[in-house]
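Engineer: What follows is a predicted structure for the sequence shown.
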Amino acid sequence: MVFDMRVRQNIQLFKLLSHFEIVVKMGQRTLAAEALGMQPSNLSEEMHLLEDLLETSLFIRKGHSFSLTENGQLLYRKTQTLSTEVETISNLFSKKDNTGRNIHIAMPTSCMNLFQTY
């Protein structure tokens, strides 16, 4: 039961981190929300939730624009490393295995944006 709860928390955190990375890459929450197929207000709520979960401020908000705090910059570097690792794993198993069948990895649609170049 505790394991199941921890897995769910990690899945939620991964989603929030991927959305955070997209917000930073896009440079605007509105553009990021559009790319994710979300309402900007929902994406803003997610970013506040991420800050609450991590117990730190990630953004310096200035109207509709933002910059990153030191912790935000650190987290962004870490999310880039995480994205690279996920892509490496995906590429590793996207080749045919020795039975000649393809191996497919399932993930939420929102995570697919990690593999797009903006």
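Structural biologist: Received, thanks. Residues are numbered from 1 along each chain as shown.
Engineer: Spell out the residue ranges of the strands in the chain.
Structural biologist: Using DSSP state E, the strands found in the chain span residues 59-62, 65-68.
Engineer: how about low-confidence regions in this structure?
Structural biologist: Within the chain, the ranges that satisfy pLDDT under 70 run 1-2, 95-118.
Engineer: Give me the neighbour count for N71.
Structural biologist: Per other C-beta atoms under 10 Å, the neighbour tally for N71 reads 15. Glycine gets a C-beta too; all of them are placed from N, C-alpha and C.
Engineer: next one: L58
Structural biologist: For L58, using other C-beta under 10 Å, the count is 22.
Engineer: Tell me the spatial nearest neighbour of it, not counting adjacent residues.
Structural biologist: Computed as C-beta to C-beta, 6 or more residues apart in numbering, the closest residue to L58 that is not its neighbour in sequence is G72, at 3.7 Å.
Engineer: Redo the strands of the chain as JSON lines? Include distance to Q9 and mean neighbour count.
Structural biologist: Formatted as JSON lines, the strands of the chain follow (distance: least, C-beta to C-beta, whole Å; neighbours: other C-beta atoms under 10 Å):
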{"stretch": "strand 59-62", "distance to Q9": "22", "mean neighbour count": "13"}
{"stretch": "strand 65-68", "distance to Q9": "24", "mean neighbour count": "14"}
